[in-house]
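**Q** dropping the sequence and predicted coords here.
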Amino acid sequence: MSCPQKSTGRQAHSCVEYSPFDLARGVLSMKKAPDLPTLVLNKHWTPVHVTAVRHALALVFTDRAHVVCPETFTPYTFAGWVDRGILNGTPHIRGINFEIEAPEVIVLGSYDKVPPRGVTFNRRNLHRRDEDTCQYCGARFAPERLTIDHVLPVSRGGKTKWENCVLACHRCNGRKADLTPKEARMKLLKHPIEPSWSPRYATYIRNNRPESWEKFIPRKQLEAVSF
Ligand SMILES: [Zn+2]
């Protein structure tokens, strides 16, 4: 099944032959690719990552992934995606002798090497996950007015990791001291977990994601992204 031709018309490129050399040069010339995100699905079509469109195309070009047409779910090779043409007005990337539509979604092949890791635990990412909000009183603060609280205190074996650290204001942190939330009779806003998305893209996914992503990301996961 091929992608439907829209009324605005695709500029077909089907008569053009691309040698691997042409394509390689094309990929190399993509340094000016727009800074758009591409959703990455693993081989089971589960969303696992968001990457820059240029990296996504490099994965497709090297045959480690296929572009997914969000309308028909058809997977395309690099050459196939180029041949498909460009819908007028859609973001695209200009190679040396061809143009290619910026893919919104790609699916990994058997390599499945992306993403390589979880989200790094550090202060900046913790502030993003907890949205500069004290996880006990729920008030928002300027970043410098928040501290990192160990839910199970360090003095009692608590580890410095996503599942045991939350942002807390000075007042709440002082009140909790070396107690567990239960002992201090304080309730956490939410159970701390490791974010499943790179915080770099979290805001994007929440506020500006392409509509097509919603077909691939379960609603529950979309909501969970708001860290
Ligand atoms: Zn507080």
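**A** Structure received.

**Q** does the residue lying farthest from the centre of the chain belong to a helix or a strand, and which?
**A** The centre of the chain is farthest from one residue, residue 183, which by Cα atoms, centre = their mean lies 37.6 Å away. Assigning secondary structure by DSSP states H and E places residue 183 in helix 181-184.

**Q** that helix: how far from the chain's middle?
**A** Chain-centre distance of helix 181-184: 35 Å, with Cα atoms, centre = their mean, to the nearest Å.

**Q** pull the residues that contact stretch 209-219.
**A** 39, 41, 45, 47, 68, 70, 104, 105, 205, 222 (Cβ atoms under 8 Å, 6 or more residues apart in numbering). C-betas here are computed from N, CA, C, even on glycine.

**Q** from those residues, which would you call buried?
**A** Neighbour counting by 16 or more other Cβ atoms under 10 Å classes 39, 41, 47, 68, 70, 104, 105, 205 among these as buried.

**Q** sitting in helices, which of the residues you listed do you find?
**A** Using DSSP state H, the members of the buried ones among the contacts of stretch 209-219 that fall in helices are residue 205.

**Q** what about the residue farthest from the centre of the chain, distance to residue 162?
**A** Residue 183 is 22 Å from residue 162, where distance means Cβ to Cβ, to the nearest Å.

**Q** how about residue 208?
**A** According to Cβ to Cβ, residue 208 stands 25 Å off from residue 162.

**Q** same question, residue 137
**A** Residue 137 is 21 Å from residue 162, by Cβ to Cβ.

**Q** tell me the residues on the protein that lie near the ion, please.
**A** With Cβ under 5 Å from the ion as the criterion, the chain comes near the ion at residues 134, 136, 137, 169, 172.

**Q** among those residues, name the ones in strands.
**A** Under the assignment DSSP state E, the residues of the chain next to the ion contribute residue 169 to strands.

**Q** next, the spatially most central residue of the chain: phi, psi?
**A** Here the mean C-alpha position of the chain is nearest to the C-alpha of residue 50 (Cα atoms, centre = their mean), at a distance of 2.9 Å. Torsion angles at residue 50 (phi, psi; degrees, to the nearest 10) stand at phi -130, psi 130.

**Q** any idea how this structure splits into domains?
**A** 10-108, 123-184 (automatic domain parsing).

**Q** more neighbours: residue 137 and residue 162, which one.
**A** residue 162 (18 against 15; other Cβ atoms under 10 Å).

**Q** nearest residue to the more buried one other than its sequence neighbours?
**A** Counting by Cβ to Cβ, 6 or more residues apart in numbering, residue 162 lies nearest to residue 194, which is 3.8 Å off, once chain neighbours are set aside.

**Q** against residue 46, how distant is the one you found?
**A** Distance from residue 194 to residue 46, by Cβ to Cβ: 17 Å.

**Q** pretty sure residue 190 contacts residue 133?
**A** No: Residue 190 is beyond contact range of residue 133, at 10.0 Å (criterion: Cβ atoms under 8 Å).

**Q** more crowded one of the two?
**A** Ranked by neighbour count (other Cβ under 10 Å), residue 190 and residue 133 place residue 133 first, with 19 against 10.

**Q** pull out the buried positions in the helix holding residue 183.
**A** Buried residues in helix 181-184, defined by neighbour count with 16+ other Cβ under 10 Å: residue 181.

**Q** who are the packing partners of it?
**A** Judged by 3 or more Cβ pairs under 8 Å, 6 or more residues apart in numbering; DSSP states H and E, helix 181-184 is in contact with no other helix or strand.
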